[in-house]
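Q: just need the structure, nothing else, for what follows:
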Amino acid sequence: MIAFKRFTTMLILAAATATVSAENWPQWRGPDSQGISAEAGVPTEWSASKNVAWKADLPSGHSSPIVWGGRIFLTSAIEGDVVAGAKAVGHTVDGQVWVHPDSVAADKKHTLKVLALDAGTGRVLWERTAYEGTVFDARHRRSSFAGPTAVTDGTMVYAYFGPEGLYAYDFSGRLAWKVVEHFKTLGLGTGTSPVLFQDLVIIQRDEDEGKASLIVAYDKRTGREKWKTARPVQISWSTPVLVAVGNHSELVTNGSELAIAYDPATGKELWRATGVESNAIHTPLVGKGLVIVTAGFPDKKVIAIRPGPVAADKRVAWAYAKGTGYVVSNILYGDYVYLLTDTGVVTCLDAATGAVQYEGGRPPASAHFMGSPVAFGGLIAMTSEEGETFMLKAGPRHEIVRTNTIDEPVYSSLAIANGRIFIRGEKHLFAIGGAGS
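A: A predicted model of the protein is given here:
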């Protein structure tokens, strides 16, 4: 009996170890949408020629890779020739016709694709054209029409291209359904990624001055609309997060005027709090019983909110007004929140209280950031547009322990799965980790 118990214990420990060492990365910012991997043995050192398992050619796009088992999914946007007469939908601000000075590419043909790759080899398993033609609205000159990251439940993959549609494919590349609903993006493109909850695919769809902003859920099997809720907020580019509160979940959204929580099953509003009063781009952070919404332009805002049934005057736990970047989402890892500017300057706050641990932590080289950080094994990986990943030691003291590079520009965020790191460069997808990973 003692021998049997010892053997059973060994099996349980082995199963637990396997769970920690092999994990899917099924959506934007990973398993819990927070950029954190619980995997052990993730590589911490690489270069363009060192510790690279494989490198695969990719068409252009800014969406991040997602991984389920042996498959990687990405989207791409290929720009074609100018189309005579093609132009973006019109925009008004305060009743006046308005065109953003950085809006581009509405006058061209675009091909929007979904790709599946073998995670072990980088071989393209299938490539599907979701949409081809002119686009409803323009994009920012530094953005991409393949900006949102796909999401998967292990059976289907859901790819979102904003006004050009939401597409559901099975793992063999068969299109199951699509929903195309045009909406205005202020001529700057779409940033929000789809979120899965039970049998729903949920999209935060805020537009222009907010007259038609909404959040909507579709049946993930059929694409049929299940609920839709109007939102009193201007355009945003943020992805909502699911927050466990007691025995239920809340869907929390970042917004300029308001941060709002919904019942993800019905779309019913649960509570609202002061918004970031700036461009809502960052994904909310979750931890220490709080949801933290942030923004970096035009004002820098960090607001820690208590979810659940809380009195309105007790809703905000703490706030901070420095340290954030324009596009980069921040990260809550362990006991601390790490804020990043566009140039990689780090501020560390106590997540529970907002108390400053350090400010002004700089990378060892000049850098600019568009992709958001990920964390694993006590480290925070910050990958710059120059393709350098600065490995920041987690904790209340700033220390960059290593700098890695792929020698290629990077505009998306890293994915971690099955002992490897997947980095989408400007032209290639890199699998970091030895052949035995």
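Q: now stretch 44-51: mean pLDDT?
A: Per-residue pLDDT values over stretch 44-51 give a mean of 97.
Q: could you list the buried residues of that stretch?
A: By neighbour count with 16 or more other Cβ atoms under 10 Å, stretch 44-51 contains the buried residues 44, 46, 51. For glycine as for every other residue, the C-beta is placed from the backbone atoms N, C-alpha and C.
Q: will you turn the residues you listed into CSV that also has secondary structure and distance to residue 220?
A: Formatted as CSV, the buried residues of stretch 44-51 follow (DSSP: H, G, I helix; E, B strand; the rest coil; distance: Cβ to Cβ, whole Å):
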residue, secondary structure, distance to residue 220
44, coil, 36
46, coil, 36
51, coil, 37
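Q: show me which of those is closest to residue 277.
A: Checking the buried residues of stretch 44-51 against residue 277 with Cβ to Cβ, the nearest one is residue 44 at 38.4 Å.
Q: show me the helices in this protein, by range?
A: Taking DSSP state H, the helices of the chain run over residues 2-21.
Q: pLDDT below threshold where in it?
A: In the prediction, the chain carries residues with pLDDT under 70 at positions 1-21, 435-437.
Q: what number of residues lie near residue 87?
A: 11 (other Cβ atoms under 10 Å).
Q: how much space separates the residue nearest to it when sequence neighbours are not counted from residue 185?
A: Excluding the flanking residues, the one nearest residue 87 by Cβ to Cβ, 6 or more residues apart in numbering is residue 106, at 5.6 Å. Residue 106 is 10 Å from residue 185, where distance means Cβ to Cβ, to the nearest Å.
Q: neighbour count winner among these two?
A: It is residue 185, of residue 106 and residue 185, that has more neighbours when counted by other Cβ under 10 Å, with 28 against 18.
Q: thought that one was touching residue 143?
A: No: taking Cβ atoms under 8 Å as the definition, residue 185 is not a contact partner of residue 143, at 9.7 Å.
Q: what about the strands in the stretch 1-150 of the chain?
A: 52-57, 66-68, 71-82, 92-93, 96-97, 103-104, 108-118, 124-133, 139-140 (DSSP state E, counting those that start in this stretch).
Q: what's the closest of those to residue 149?
A: Closest among the strands of the stretch 1-150 of the chain, using Cβ to Cβ: strand 66-68, at 6.4 Å.
Q: which residues are contacting stretch 71-81?
A: By Cβ atoms under 8 Å, 6 or more residues apart in numbering, the residues outside stretch 71-81 that reach it are 58-61, 63-67, 105, 108-119, 125, 130, 144-146, 148-150, 152, 157, 159, 161, 171, 415, 422, 424, 429.
Q: now the strands of the stretch 1-150 of the chain in a markdown table, with mean neighbour count and distance to residue 406?
A: Output for those, formatted as a markdown table (neighbours: other Cβ atoms under 10 Å; distance: least, Cβ to Cβ, whole Å):
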| stretch | mean neighbour count | distance to residue 406 |
| --- | --- | --- |
| strand 52-57 | 18 | 8 |
| strand 66-68 | 22 | 18 |
| strand 71-82 | 19 | 16 |
| strand 92-93 | 12 | 40 |
| strand 96-97 | 8 | 43 |
| strand 103-104 | 20 | 27 |
| strand 108-118 | 20 | 17 |
| strand 124-133 | 15 | 19 |
| strand 139-140 | 23 | 24 |
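Q: among these, which comes closest to residue 38?
A: Among the strands of the stretch 1-150 of the chain, strand 66-68 comes nearest to residue 38, with 14.4 Å by Cβ to Cβ.
Q: pull the contacting residues for residue 34.
A: Taking Cβ under 8 Å, 6+ apart as the test, what residue 34 contacts is 241, 285-287, 331-332.
Q: tell me the spacing between it and residue 331.
A: Remark: distance between residue 34 and residue 331 (Cβ to Cβ) = 7 Å.
Q: how about residue 183?
A: 30 Å.
Q: please identify which of those two sits among more neighbours.
A: residue 331 (26 against 18).
Q: that one: what's it in contact with?
A: Residues near residue 331 by Cβ under 8 Å, 6+ apart: 34-36, 285, 337-338, 372-375, 380.
Q: hmm, the residue nearest to residue 87 is touching residue 135, no?
A: Yes: with contact defined as Cβ under 8 Å, residue 106 and residue 135 form a contacting pair (5.8 Å).
Q: what touches both of these two?
A: residue 88.
Q: among the contacts of residue 331, which ones are buried?
A: Applying 16+ other Cβ under 10 Å to those flags 34-36, 285, 337-338, 372-375, 380 as buried.
Q: let me know the closest of the residues you listed to residue 255.
A: For the buried ones among the contacts of residue 331, the residue nearest residue 255 by Cβ to Cβ is residue 285; the value is 15.3 Å.
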